[in-house]
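A predicted structure for the sequence below; I have some questions about it.
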Number of protein chains: 2
Amino acid sequence: MFKTKLENIIKSKNSLLCIGLDCDIEKIPRFLLDESDPLLTFNKEIIKATAPYAIAFKPNISFYESLGIAGWTLLEKTLEYIPSDAIIIADAKRGDIGNSCRKYADLFFNTYTFDAITVSPYMGFDSIQPFLEFDDRCTFVLCLTSNEGSHDFQYLNIDSEPLYMKIARKVSEWNLTYNNCGLVVGGTHPEDIGSIREIAPHLPFLIPGIGTQGGNLKSTIQYGAGSAASSAIINVGRSILYASSEKDFAVTARVKAQYFRNEINRFRSENKNFQSIR
Amino acid sequence: MFKTKLENIIKSKNSLLCIGLDCDIEKIPRFLLDESDPLLTFNKEIIKATAPYAIAFKPNISFYESLGIAGWTLLEKTLEYIPSDAIIIADAKRGDIGNSCRKYADLFFNTYTFDAITVSPYMGFDSIQPFLEFDDRCTFVLCLTSNEGSHDFQYLNIDSEPLYMKIARKVSEWNLTYNNCGLVVGGTHPEDIGSIREIAPHLPFLIPGIGTQGGNLKSTIQYGAGSAASSAIINVGRSILYASSEKDFAVTARVKAQYFRNEINRFRSENKNFQSIR
């Protein structure tokens, strides 16, 4: 079971931090360009440096896929460096008709054995079911995303509640059957995370948008990871990966990862007090 | 301009037919398995056989990506066989935050030089803009999809009209600036295509769902490609690709492609009469 695995790792590492492995040749320290495989060296160093504080690693597939065949080789090799006590999430945001999604599920869950994937809800249940059929993995459905464009459709009102709430309700319903669903909720909308948490108290949340994207960590924890039963994975990418562009990039990433892990834990413990007072 | 190119090809080939290149090792004729590259041989023969009747070829990326590195090589080689008088559409259904979508756009439009791509609307404008910035290409946004799951969210009512109509309105609005948008509307909902056509009379429609998925061709043409100004690309995949599993598979695919081209044209001409009587 994914959820048990996640909860055990959260406990043993005392962390909710996920590292977004969005490696970009234009952003990595310049001195790495002398290496035979700069991006792999970068990923390897980042993983090694941050692993003590990270419960999960999340490569955004676009960064690998955009490099063509070399990118898939990079992804394969990168995965080998991720320690077994961390969750690996394919941030793929796929969504297609059933026979196409069966192909994607086969790639990410059989060929690559990711623990979890992100998918888009727009095409509905039969576009997501092929992923749900892998009962020991987790399928995180986009619910309320961290970007500005989330306001275009996700906030449209249906029966006096926004579309993202309908998505949260529907995914919670699917979870009654499959028990392996999660939701992507952006840390840039912390109060709205609270409404989603009410509908889906036990679903794991994958929370991007912290760091460069400006999400508020304190409120995100308060509303999204408030109780022990509500597991959350809080992703930080660029703020850790590119904290230094010098030779000390890995050490700096480690310090940053430790900082985010500790900040998250500080707000978790404040929140525990807040909850017990309430 | 994509739209001019499309309209010229529609005229010169007198066709609206697109071939969905969804090659599947489990479905191609068994005797091809003796070839050194069965899927490439299959694609090459299908393209050669159907090209006289096809204005476009649309590989669904899942079928290639699921094969890992070998699949991307297959895709690259397949593209080389597509004649220059056909549109090439990456059916990728991507959608992510801006910096990730810039990566996807770079892959599909720079590395692979596809004429068009399909994208998911859920994450809103900034997830689609990186594609729109390629002004000589076309970005087909999922509006009303052909699968059963389209009923889960796309039909939810917002201010007394379904979500897919809001998407159509928003994409039409973006098109005022970019003039290179299109919509994906499934042939399994022909009457609803009519409502979308009213909102977006001049946007090219990419229409899947005809053939195996059971879409109604006559009504699809009537509602979706009724006037000369309304260009449409009608995709047929499995019904042509796997019409025969014997040595005659390519000839049979050609006959099927010709059949669909002719049926589409028959309904187009009926519709012209229908329109002039009205």
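Nice, I can see it.

The stretch 101-250 of chain A: strands as residue ranges?
Taking DSSP state E, counting those that start in this stretch as the test, the strands found in the stretch 101-250 of chain A are A:116-119, A:138-144, A:157-158, A:161-162, A:181-185, A:205-210, A:232-236.

I'd like the ones you listed as CSV, with mean neighbour count, distance to chain B and mean pLDDT appended.
Glycine gets a C-beta too; all of them are placed from N, C-alpha and C. Listed next are those as CSV, based on neighbours: other Cβ atoms under 10 Å in any protein chain shown; distance: least, Cβ to the nearest Cβ, whole Å; pLDDT from 0 to 100:
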stretch, mean neighbour count, distance to chain B, mean pLDDT
strand A:116-119, 27, 9, 98
strand A:138-144, 27, 6, 98
strand A:157-158, 14, 5, 96
strand A:161-162, 16, 10, 97
strand A:181-185, 28, 10, 98
strand A:205-210, 27, 8, 94
strand A:232-236, 29, 12, 97
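
Which one of these lies nearest to B:A90?
Of all the strands of the stretch 101-250 of chain A, strand A:116-119 sits nearest to B:A90, with 18.8 Å by Cβ to Cβ.

how far does the closest one sit from the chain's center?
Remark: strand A:116-119 is offset 9 Å from the chain centroid, using Cα atoms, centre = their mean, to the nearest Å.

just checking, what packs against it?
Helices and strands touching strand A:116-119, by 3 or more Cβ pairs under 8 Å, 6 or more residues apart in numbering or on different chains; DSSP states H and E, are strand A:87-94, helix A:125-132, strand A:138-144.

now the nearest residue to A:A92 once chain neighbours are set aside: how far from B:D22?
Closest residue to A:A92 apart from its sequence neighbours, by Cβ to Cβ, 6 or more residues apart in numbering or on different chains: A:I61 at 4.5 Å. Distance of A:I61 to B:D22, computed by Cβ to Cβ, to the nearest Å: 20 Å.

quick one: which of the two has more around it?
Set A:I61 next to B:D22 and count neighbours by other Cβ atoms under 10 Å in any protein chain shown: A:I61 wins out with 28 against 23.

For the more buried one, give its distance to B:S120.
From A:I61 to B:S120 the distance is 14 Å (Cβ to Cβ).

which parts of the stretch 101-250 of chain A sit against chain B?
A:101, A:103-104, A:106-107, A:111, A:120-128, A:142, A:145-154, A:156-159, A:163, A:166-167, A:170, A:208, A:213 (Cβ under 8 Å from any Cβ of the partner chain).

and those, which are buried?
Buried members of those, scored by 16 or more other Cβ atoms under 10 Å in any protein chain shown, are A:101, A:103-104, A:106-107, A:120-128, A:142, A:145-150, A:152-154, A:156, A:158, A:163, A:166-167, A:170, A:208, A:213.

Give me the subset of these that lies in helices.
If you go by DSSP state H, those have A:101, A:103-104, A:125-128, A:150, A:152-153, A:163, A:166-167, A:170 in helices.

how about a markdown table for those, with pLDDT added?
Shown next, in a markdown table, are those (pLDDT from 0 to 100):
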| residue | pLDDT |
| --- | --- |
| A:C101 | 97 |
| A:K103 | 96 |
| A:Y104 | 97 |
| A:F125 | 98 |
| A:D126 | 97 |
| A:S127 | 98 |
| A:I128 | 98 |
| A:S150 | 97 |
| A:D152 | 97 |
| A:F153 | 98 |
| A:L163 | 98 |
| A:K166 | 98 |
| A:I167 | 98 |
| A:K170 | 98 |
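
A:Y53 reaches A:L17, doesn't it?
Yes: between A:Y53 and A:L17 there is a contact at 5.6 Å, judged by Cβ atoms under 8 Å.

How many neighbouring residues does A:L79 have?
18.

Run through who's touching the host helix or strand of it.
If you go by DSSP states H and E, A:L79 is part of helix A:69-81. With contacts defined as Cβ atoms under 8 Å, 6 or more residues apart in numbering or on different chains, helix A:69-81 is touched by A:21, A:23, A:37, A:39-40, A:43-44, A:47-48, A:59, A:61, A:63-65, A:67, A:88, A:112, B:68-69, B:72-73.

Swap in 7 Å and give it another go.
Identification of contacts with helix A:69-81 by Cβ atoms under 7 Å, 6 or more residues apart in numbering or on different chains yields A:21, A:39-40, A:43-44, A:47, A:59, A:64-65, A:67, A:88, A:112, B:68-69, B:72-73.

Now do the longest helix anywhere in chain A: which elements does it pack against?
The longest helix of chain A (DSSP H) is helix A:249-277. Here helix A:249-277 is seen to pack against strand A:17-20, helix A:38-50, helix A:217-224, helix A:238-241 when contacts are counted using 3 or more Cβ pairs under 7 Å, 6 or more residues apart in numbering or on different chains; DSSP states H and E.

if we go to 8 Å?
Judged by 3+ Cβ pairs under 8 Å, 6+ apart, the packing partners of helix A:249-277 are strand A:17-20, helix A:38-50, helix A:217-224, strand A:232-236, helix A:238-241.

from the stretch 151-278 of chain A, which residue is nearest to chain B?
Across the stretch 151-278 of chain A, the shortest distance to chain B (Cβ to the nearest Cβ) belongs to A:D152, at 3.2 Å.

Report the contact partners of that residue.
A:D152 makes contact with B:P121, B:G124, B:F125, B:K170, according to Cβ under 8 Å, 6+ apart.

Dump those into CSV; add distance to A:L203 as well.
Putting the contacts of A:D152 into CSV (distance: Cβ to Cβ, whole Å) gives the following:
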residue, distance to A:L203
B:P121, 24
B:G124, 23
B:F125, 28
B:K170, 29
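
Which of those lies at the shortest distance from A:L183?
Looking across the contacts of A:D152 and measuring by Cβ to Cβ, the closest to A:L183 is B:G124, at 17.6 Å.

Look up phi and psi at the closest one.
B:G124 adopts backbone torsions of phi 80, psi -170, taken as degrees, to the nearest 10.

Next, the contact list for it, please.
Going by Cβ under 8 Å, 6+ apart, B:G124 touches A:T145, A:N147, A:E148, A:G149, A:S150, A:H151, A:D152, A:F153, A:Q154.

One more pass at 10 Å, please.
If you count contacts by Cβ atoms under 10 Å, 6 or more residues apart in numbering or on different chains, B:G124 has them with A:T145, A:N147, A:E148, A:G149, A:S150, A:H151, A:D152, A:F153, A:Q154, A:Y155, B:G95, B:K170.

Pick the one among those closest to B:N235.
Out of those, the member with the shortest distance to B:N235 (by Cβ to Cβ) is B:G95, at 19.8 Å.

For the closest one, which residues are in contact?
So B:G95 contacts A:93-95, A:120, A:122, A:142, A:145, A:149, B:101, B:104, B:118-124, B:127-128, B:131, B:141-142 (Cβ under 10 Å, 6+ apart).

Kindly report the same for A:P38.
A:C23, A:I25, A:I28, A:P29, A:R30, A:F31, A:L32.

could you redo the last one with a cut-off of 7 Å?
Contacts of A:P38 (Cβ under 7 Å, 6+ apart): A:I25, A:I28, A:L32.

Most neighbours among those, which one is it?
Those, ranked by neighbours (other Cβ under 10 Å): first place A:I28, 22 neighbours.

Can you tell me the closest non-neighbouring residue to that residue?
A:F42 (4.6 Å).

Tell me the confidence at the one you found?
pLDDT recorded at A:F42 is 98.

One more: A:N271?
75.

How about the contacts made by the nearest residue to A:I221 once chain neighbours are set aside?
Excluding the flanking residues, the one nearest A:I221 by Cβ to Cβ, 6+ apart is A:F267, at 3.9 Å. By Cβ under 7 Å, 6+ apart, A:F267 lies in contact with A:L217, A:K218, A:I221, A:Q222.

before we move on, what about A:S239?
Counting by Cβ under 7 Å, 6+ apart, the residues that A:S239 touches are A:G211, A:T212, A:K256.
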